[in-house]
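1. quick one: sequence and predicted model below, then my questions.
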Amino acid sequence: MQDVKVSDLMTRKVVTLHREQSLTLADELMRLDRVRHLPVVDESGKLVGLVTHRDLLAAHLGSFTRLNPETAQAAIDLRFAIPIERIMTTDVWSVRAETPAVDTAQLLHDNRFGCAPVVDDQRHIIGIVTEADFLRLVLDMLAQEQDLHVRDFMTTDLITLRPDQGLSVAEEMMTLRQIRHLPVVDEAGKLLGLITHRDLLAAQYSAFSHASGFPAEARARDVMREDVWTVSPDTPAIEAAFNLRDHVFGCLPVIEHGKLAGIITEADFLALLVARYGPGRRATPRYDAPVHYYMSSPVQVVKPEDDLDRVHALLSAHGISSLAVVDGTALVGVISQSDLLRVSLPRLAARRRVDARWLPRRSVAEVMTAEVLTVRPHDTVSAAARRLVQHDIHRLFVVEGKVLVGVLSTMDVTAAVRDIRIDQPVSAHMTAIVFAIDHTESVSSGVKLLDRAHVSGVVVLDEGWPVGIFSQREALASRHMPRDTPVEHAMNQAFLTVPGNMPLYRVAGQAAALGVRRVVVFDAGQVIGILTGMDFARACTGEALST
């Protein structure tokens, strides 16, 4: 199972669209080819977006009302005129042919994606893998688990329709709950039919093409399919999986005592696969998890000609430490809080009163670092962590070919430490040398300490107890304060205090959940160490520590 790659499962013949093509064409391609996902490519075949059933439904809201001939023709004309780029998703997660299949299954499951386009190094489309493609792996797994039945994993939290409810209600429920199938039941809970995304799109097509054919509000009974294949809770799971694969069903309603008791979908089988073989379930630590599983996207960027005030505004608004610098589509540099602090430190340290102009009048190009370290989405997270540590940086930009697709920060790596479940104590990974400042000392003293110690943050103490962190971010944010302001008024109180014997993965989980960038280790009434994102990155390199 672990040796199966995406290339073993993917569909190689992919129906694609160009961004300037119309909604109507997308409708017809999905209907004729019976697909739910259409990758959008540029002239060279590179992936630039994705259109799904859900996108088309959202674009056609309100189409289930009576249309007179004039209105219908206007609607048809509009659909021909709207280019697909107006509704497509541009933030598309893709995979490589060599990506482990179970990692891709985890990606789809965790993000509720229905598909992942498969691309080469230049981001050209070479295939697509969907939830349905994983049924082969599911069947292999279930062949070893003959005692598993439908009741063991079916979805019982059901959203249903009554036959007299309008299709606009169905549309809204599917959109809000992010589901593709709606059982239609009577008052007693008996299954009468099923409505899917495909049924709604077909109804929309008919509503536009035959304006007089629908009542003022189309009802579920008008479009539902009554010949629905069902299973019972006691049906063997492998039999249900064969039914989905062989009959190309998207779901199977579950009937017990003549009533609807649940539903199983391709997504349920995918969840079953992930539960058995996903990265989080493996007995050995997964230092080889791919970067794209943890990277953040989209990436905040600035241009070389932007000024430093814009840089600081973006850093503050998004709570990040650096920005990519792009010229057109090319990544040409990076600018960070450290760069801003470096060029403004003399002003910050010497100033005695509020000064509206604290950053020099310089462009990004004059201050940025031109050498940008990058990784690919399918590089391992441990290799990326090693690069962070070797170069003592807090962010790596993720590129596919020359396209910037994400960023991997030490905060993202902290989540990987959680998942790898490194159970060594915090004391084995902490930095024991801690720079501290009393809460009554001035902001100016804090700025000078950051500069002298060459650190990104210091611990603020009140009678030996940690009460805050004063970092480069707080130094920059304190620009409007008089320099003799106590550092307590500028410090950041978002940090964790933990004992030295706490398992590292547990601390990483808390830090990732709370978005905390620093952890103070406190034992026997004193601060004995500190954990930063760089310490988590060291732990994520996969190099064993002697304990």
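-> The structure has been received and is ready for your questions.
2. which SS class is Phe249?
-> On the three-state scheme (DSSP: H, G, I helix; E, B strand; the rest coil), Phe249 is labelled coil.
3. would Leu404 count as being in a helix?
-> No - counting by three-state DSSP, Leu404 falls outside a helix, being strand.
4. for it, which residues make a bridge with it?
-> Val399 (DSSP bridges).
5. surely it touches Ala324?
-> Yes - judged on Cβ atoms under 8 Å, Leu404 makes contact with Ala324 at a distance of 6.1 Å. All C-beta spots, glycine's among them, are computed from the backbone N, C-alpha and C.
6. which neighbours do these two share?
-> Val299, Val301, Leu331, Phe397 (Cβ atoms under 8 Å, 6 or more residues apart in numbering).
7. break down the stretch 351-500 of the chain into its strands, ranges please.
-> 374-375, 395-400, 403-409, 436-438, 457-462, 465-471, 496-498 (DSSP state E, counting those that start in this stretch).
8. redo the ones you listed as JSON lines? Include distance to Leu504 and mean neighbour count.
-> As requested, those are exported to JSON lines (distance: least, Cβ to Cβ, whole Å; neighbours: other Cβ atoms under 10 Å):
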{"stretch": "strand 374-375", "distance to Leu504": "23", "mean neighbour count": "20"}
{"stretch": "strand 395-400", "distance to Leu504": "22", "mean neighbour count": "22"}
{"stretch": "strand 403-409", "distance to Leu504": "18", "mean neighbour count": "22"}
{"stretch": "strand 436-438", "distance to Leu504": "23", "mean neighbour count": "17"}
{"stretch": "strand 457-462", "distance to Leu504": "20", "mean neighbour count": "21"}
{"stretch": "strand 465-471", "distance to Leu504": "19", "mean neighbour count": "21"}
{"stretch": "strand 496-498", "distance to Leu504": "10", "mean neighbour count": "17"}
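9. mind checking which of the ones you listed is nearest Tyr505?
-> Nearest of the strands of the stretch 351-500 of the chain to Tyr505, taken as Cβ to Cβ: strand 496-498 at 12.3 Å.
10. which elements pack onto the closest one?
-> Applying 3 or more Cβ pairs under 8 Å, 6 or more residues apart in numbering; DSSP states H and E, one finds that strand 496-498 makes contact with helix 504-514, strand 518-523.
11. mind doing that once more with 10 Å?
-> On a contact count with 3 or more Cβ pairs under 10 Å, 6 or more residues apart in numbering; DSSP states H and E, strand 496-498 meets strand 465-471, helix 504-514, strand 518-523, strand 526-532.
12. redo these as TSV? Include distance to Arg162 and mean pLDDT.
-> Formatted as TSV, these follow (distance: least, Cβ to Cβ, whole Å; pLDDT from 0 to 100):
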stretch	distance to Arg162	mean pLDDT
strand 465-471	56	92
helix 504-514	40	90
strand 518-523	53	91
strand 526-532	55	91
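13. same list (the ones you listed) but as TSV, adding distance to Phe134.
-> Output for the helices and strands packed on strand 496-498, formatted as TSV (distance: least, Cβ to Cβ, whole Å):
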stretch	distance to Phe134
strand 465-471	44
helix 504-514	27
strand 518-523	38
strand 526-532	38
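14. between the ones you listed, which one is closest to Val291.
-> helix 504-514 (16.1 Å).
15. dump that closest one to CSV, restricted to CA.
-> Presented in CSV, the C-alpha positions along helix 504-514 are these (Å, rounded to 0.1, in the frame of the first residue of the first chain):
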residue,chain,number,x,y,z
LEU,A,504,7.6,17.9,22.4
TYR,A,505,4.7,16.8,20.2
ARG,A,506,2.2,17.9,22.8
VAL,A,507,3.8,21.3,23.1
ALA,A,508,3.9,21.6,19.3
GLY,A,509,0.2,20.8,19.1
GLN,A,510,-0.7,23.5,21.5
ALA,A,511,1.6,26.0,19.8
ALA,A,512,0.2,25.2,16.4
ALA,A,513,-3.4,25.4,17.6
LEU,A,514,-2.9,28.7,19.3
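16. got the angle for that helix vs strand 526-532?
-> 70 degrees (axes from the mean of the first three to the mean of the last three Cα atoms, to 10 degrees).
17. show me what counts as buried in helix 504-514.
-> By 16 or more other Cβ atoms under 10 Å, the buried positions in helix 504-514 come out as Leu504, Tyr505, Val507, Ala508, Gly509, Ala511, Ala512.
18. again, but for stretch 367-381
-> So for stretch 367-381, counting by 16+ other Cβ under 10 Å, buried means Val367, Met368, Val372, Thr374, Val375, Arg376, Pro377, His378, Asp379, Thr380, Val381.
19. centre of the chain to that stretch, how far?
-> 19 Å (Cα atoms, centre = their mean, to the nearest Å).
20. begin at 54, not 1, for the rest of this chat.
-> All right, first residue 54 from here; so that's stretch 420-434.
21. show me where the stretch 204-353 of the chain has its helices.
-> 220-230, 250-262, 273-276, 290-300, 319-330 (DSSP state H, counting those that start in this stretch).
22. flag the shaky bits of the stretch 204-353 of the chain, pLDDT-wise.
-> Scanning the stretch 204-353 of the chain with the threshold set as pLDDT under 70 gives 257-270, 331-340.
23. can we see that at 80?
-> The stretch 204-353 of the chain contains residues with pLDDT under 80 at 228-231, 254-271, 300-302, 331-342, 351.
24. for Val284, name its beta-bridge partners.
-> What pairs with Val284, by the bridge criterion (DSSP bridges), is Val307.
25. wait, doesn't it sit right on His300?
-> No - with contacts defined as Cβ atoms under 10 Å, Val284 does not count as touching His300, sitting 11.8 Å away.
26. neighbour-wise, which of those two wins?
-> Counted by other Cβ atoms under 10 Å, Val284 and His300 do not tie: Val284 has more neighbours, with 23 against 9.
27. what about that one, distance to Ile308?
-> 7 Å (Cβ to Cβ, to the nearest Å).
28. list residues touching both of the two?
-> Gly315 (Cβ atoms under 10 Å, 6 or more residues apart in numbering).
29. the helices and strands packed on strand 549-551: which one's closest to Glu81?
-> Between the helices and strands packed on strand 549-551, helix 557-567 lies closest to Glu81; by Cβ to Cβ that is 44.5 Å.
30. could I get the strands of the stretch 404-553 of the chain as JSON lines with distance to His482?
-> Converted to JSON lines, the strands of the stretch 404-553 of the chain look like this (distance: least, Cβ to Cβ, whole Å):
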{"stretch": "strand 427-428", "distance to His482": "22"}
{"stretch": "strand 448-453", "distance to His482": "20"}
{"stretch": "strand 456-462", "distance to His482": "18"}
{"stretch": "strand 489-491", "distance to His482": "20"}
{"stretch": "strand 510-515", "distance to His482": "17"}
{"stretch": "strand 518-524", "distance to His482": "18"}
{"stretch": "strand 549-551", "distance to His482": "12"}
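31. what's the closest of those strands to Phe589?
-> Among the strands of the stretch 404-553 of the chain, the nearest to Phe589 by Cβ to Cβ is strand 456-462 (10.5 Å).
32. give me the angle between that closest one and strand 448-453.
-> 150 degrees.
33. name the helices or strands packed onto strand 456-462?
-> For strand 456-462, the packing partners by 3+ Cβ pairs under 10 Å, 6+ apart are strand 375-380, strand 383-389, strand 427-428, helix 434-444, strand 448-453, helix 586-592.
34. show me what contacts the residue nearest to Asp359 when sequence neighbours are not counted?
-> Spatial nearest neighbour of Asp359, chain neighbours left out: Val417 (4.9 Å); criterion: Cβ to Cβ, 6 or more residues apart in numbering. Going by Cβ under 10 Å, 6+ apart, Val417 touches 355-361, 363-364, 376, 378, 385-388, 392.
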